[in-house]
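Trainee: Need the 3D shape of this:
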Amino acid sequence: MEPRISLITLGVADLEKATRFYQECLGLPRLKTPPSITFFELGQTWLALWPRENLAADAGLSPAGSGFHGFSLAHNVRSPAEVDSLLEHVASYGATVTKPAQPTEWGGYSGYFTDLDGFLWEIAHNPDFPHV
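Mentor: Here you go, the predicted model:
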């Protein structure tokens, strides 16, 4: 397998609301797609939003499930002030800040939020991370 992730698909409860959150709140560049799915281009990786029931059915699984999903998505920014600002911004769009930003044991600064469907995001300033 080549070392890359081509597509991340999140199963969402309300496609229209989730699309609005990712497009308007996070400012992700939306691609032209059919009305049953939304794609955003993130460099060489795409993010897809698809109704949770459709994604589960496609994978042959039950859509039931709640709580911690067992993974997080992360977005690294250039400064601690950007971490604070972005967490405030997503909260104003209905996201839940699950851990306020604070200094980390690894020398950075980070906090967490969950989006409208409970997907966990870390917003971090890591002075040693090369891709910001």
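Trainee: Do a quick rundown of the helices in the protein.
Mentor: Using DSSP state H, the helices found in the chain span residues 15-20, 52-59, 80-92.
Trainee: Send over the longest one as PDB, restricted to the C-alpha atoms.
Mentor: This points to helix 80-92. Only the C-alpha atoms of helix 80-92 are listed here, as PDB (Å, rounded to 0.1, in the frame of the first residue of the first chain):
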ATOM      1  CA  PRO A  80      -1.600  29.400  20.200                       C
ATOM      2  CA  ALA A  81      -3.800  32.500  19.500                       C
ATOM      3  CA  GLU A  82      -5.000  30.800  16.300                       C
ATOM      4  CA  VAL A  83      -6.000  27.700  18.400                       C
ATOM      5  CA  ASP A  84      -8.100  29.900  20.800                       C
ATOM      6  CA  SER A  85      -9.600  31.800  17.900                       C
ATOM      7  CA  LEU A  86     -10.600  28.700  15.900                       C
ATOM      8  CA  LEU A  87     -12.100  27.000  19.000                       C
ATOM      9  CA  GLU A  88     -14.200  30.100  19.600                       C
ATOM     10  CA  HIS A  89     -15.300  30.200  16.000                       C
ATOM     11  CA  VAL A  90     -16.400  26.600  15.800                       C
ATOM     12  CA  ALA A  91     -18.400  27.000  19.100                       C
ATOM     13  CA  SER A  92     -20.300  29.900  17.500                       C
END
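Trainee: quick one: the helix or strand bottoming out on mean pLDDT in the chain to chain centroid distance?
Mentor: Within the chain, no helix or strand scores below helix 52-59, which has a mean of 85 by mean pLDDT, DSSP states H and E. When distances are taken as Cα atoms, centre = their mean, to the nearest Å, helix 52-59 is centred 19 Å away from the chain's centroid.
Trainee: In JSON lines, list the helices of the chain along with distance to residue 127.
Mentor: All C-beta atoms are positioned from the backbone trio N, CA, C, and that covers glycine. Formatted as JSON lines, these follow (distance: least, Cβ to Cβ, whole Å):
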{"stretch": "helix 15-20", "distance to residue 127": "32"}
{"stretch": "helix 52-59", "distance to residue 127": "36"}
{"stretch": "helix 80-92", "distance to residue 127": "10"}
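Trainee: And these: which comes nearest residue 121?
Mentor: helix 80-92 (7.8 Å; Cβ to Cβ).
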